[in-house]
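Student: Fold the following for me, if possible:
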Amino acid sequence: MTAEEYYQQGNEYRRQGDWQHAINCYMEATAIDPHSPAREAQKMLEDILNFYNKDAYNP
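Tutor: Down below sits the predicted model:
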């Protein structure tokens, strides 16, 4: 898969509320393309999870 495909798949997981799979897809996308918008999406999702539920998510 391409970085764009991983990014889009991550967005779909995020819309479904599957945060861990979304983050995994974003990580794959940034591994392929460090300049992918997935990097910012991953950071925003991690910030949201850390803010709202520190016990449920440990990066």
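
Student: okay, CA-based contacts and neighbour counts for the rest of this
Tutor: Fine.

Student: Apart from its neighbours in sequence, what residue is nearest the residue most central in space within the chain?
Tutor: Taking CA atoms, centre = their mean, the centroid of the chain lies closest to Ile23, which sits 2.8 Å from it. Using CA to CA, 6 or more residues apart in numbering and skipping the chain neighbours, the partner closest in space to Ile23 is Gln42 (5.7 Å).

Student: which secondary structure element contains that neighbour?
Tutor: helix 38-52 (DSSP states H and E).

Student: hmm, who's touching that helix?
Tutor: Here helix 38-52 makes contact (CA atoms under 8 Å, 6 or more residues apart in numbering) with 7, 19, 22-23, 26-27, 29-30, 57, 59.

Student: before we move on, back to that, tell me how many other residues surround the residue nearest to Ile23.
Tutor: 23 (other CA atoms under 10 Å).

Student: how about the CA coordinates for stretch 12-22, as CSV?
Tutor: Extracted in CSV, the C-alpha atoms of stretch 12-22 (Å, rounded to 0.1, in the frame of the first residue of the first chain):
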residue,chain,number,x,y,z
GLU,A,12,-11.7,5.5,7.9
TYR,A,13,-10.7,3.7,11.2
ARG,A,14,-10.8,7.0,13.0
ARG,A,15,-14.3,7.7,11.8
GLN,A,16,-15.4,4.3,13.1
GLY,A,17,-13.8,5.0,16.5
ASP,A,18,-11.1,2.4,16.1
TRP,A,19,-8.3,4.6,17.4
GLN,A,20,-5.5,2.0,17.7
HIS,A,21,-5.9,0.8,14.1
ALA,A,22,-6.1,4.4,12.9
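
Student: buried set for it?
Tutor: 13-14, 19, 21-22 (16 or more other CA atoms under 10 Å).

Student: And those, which two are furthest apart?
Tutor: Using CA to CA, the pair of these lying farthest apart is Arg14 and His21, separated by 8.0 Å.

Student: Okay, Tyr6 and His35: tell me how far apart.
Tutor: According to CA to CA, to the nearest Å, Tyr6 and His35 sit 13 Å apart.
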